[in-house]
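> Pasting the sequence and the predicted model now:
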Amino acid sequence: MRSTRIAAAVAGAVILVGGLSACNKDDGKASGGGSSSAGGSSDAGGKQDPAQNPVDALKAAQEATSGKKTAKIDGSTTLTLAGKQVKQSTKGGLDWTQGMQMNVANTMESGGSPGKPIKAIYTKDAVYMDMGAAMPGAGGKPWMKYTYTALSKQMGGSGTLFQDALQNANPSQPIELLVASGSAKAVGKEDVNGVQATHYTGTVTTDQLSGKLSKDLRDMIRKQFAKTGAKSEQLDVWIDSDNLLVKKVEKLGGKQPTDSTVFFSDYGTKVDVTPPPASQTRTAPGA
């Protein structure tokens, strides 16, 4: 059961960062879903009016956000684990210079009771979690190593599921998905943690999701949609004046509604994703 919860924690973090488009394998620029007028209005500085050209504005935001390579994250997502709603909060730093790596604290809440924050370092092939040196059987080594191969199999996918997801995930992926949905529209200016940002919204259908994901994650999402009865996802993003993503909200309806909300800040910040020393690390059974 513990390994299943760890796998759920990893999945929750991946969803927060890249959303349901985390395994997008299209390395090109965002495709032109929806309509955009090349002759739309612009301001004095030459920027396109988001209300007139939401797709163009979002493409610019995708490129700018992807190019920053590091940022801070503070968000939460709701997962269904063993038939129960579990909320996970994640806070820390992201580095997508070479695939997604993270240094964060994960807190899982079940039954209304928040758990203890667990520090986690996500590297290219494994996640290291600080379980505490006093944990039974720890032998004085606080860190537990869980390989993505083992955790992927725990979630019912192939051994490369999480590794593929993290290789392709970064905060620009939800923007790309919103563009590809063909439904993106600008809502207006809003305040996000003291920053003025333009709010964009759209609806992504299961068919559109399927076209953007790897087979493993696509199959898992289809199963999840079948369980929840969801047919589409509501996706909202907020972009600041520097064309950077500062907030993302995703919502799935159905019999088991789920949602995630995440704030991004401090783009370009230094993030330490160095694994803990071997002398302080154990490898989880089966990992």
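Structure received.

> Do a quick rundown of the helices in the stretch 51-200 of the chain.
If DSSP state H, counting those that start in this stretch is used as the criterion, the helices of the stretch 51-200 of the chain fall at 54-68, 148-154, 161-168, 173-181.

> what's the closest of those to residue 230?
Residue 230 sits nearest to helix 173-181 of all the helices of the stretch 51-200 of the chain, at 15.1 Å, using CB to CB. Glycine gets a C-beta too; all of them are placed from N, C-alpha and C.

> and the closest one, what does it pack onto?
The elements that helix 173-181 packs onto, with contact taken as 3 or more CB pairs under 8 Å, 6 or more residues apart in numbering; DSSP states H and E, are helix 54-68, strand 195-205, helix 206-212, strand 232-240, strand 245-252.

> Repeat the analysis, applying 10 Å as the threshold.
Taking 3 or more CB pairs under 10 Å, 6 or more residues apart in numbering; DSSP states H and E as contact, the helices and strands that helix 173-181 lies on are helix 2-18, helix 54-68, strand 195-205, helix 206-212, strand 232-240, strand 245-252.

> Lowest average confidence across these, which one?
Least confident of the helices and strands packed on helix 173-181, judged by mean pLDDT, is helix 206-212 with a mean of 64.

> could I get the helices of the stretch 51-200 of the chain as a markdown table with distance to residue 254?
As requested, the helices of the stretch 51-200 of the chain are arranged in a markdown table below (distance: least, CB to CB, whole Å):
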| stretch | distance to residue 254 |
| --- | --- |
| helix 54-68 | 27 |
| helix 148-154 | 24 |
| helix 161-168 | 22 |
| helix 173-181 | 18 |
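
> Determine which stretch of those helices is the most buried.
The highest average neighbour count among the helices of the stretch 51-200 of the chain, using mean count of other CB atoms under 10 Å, belongs to helix 173-181 at a mean of 27.

> Including distance to residue 124, could the helices and strands packed on helix 173-181 go into a markdown table?
Conversion of the helices and strands packed on helix 173-181 to a markdown table gives the following (distance: least, CB to CB, whole Å):
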| stretch | distance to residue 124 |
| --- | --- |
| helix 2-18 | 14 |
| helix 54-68 | 19 |
| strand 195-205 | 29 |
| helix 206-212 | 23 |
| strand 232-240 | 27 |
| strand 245-252 | 23 |
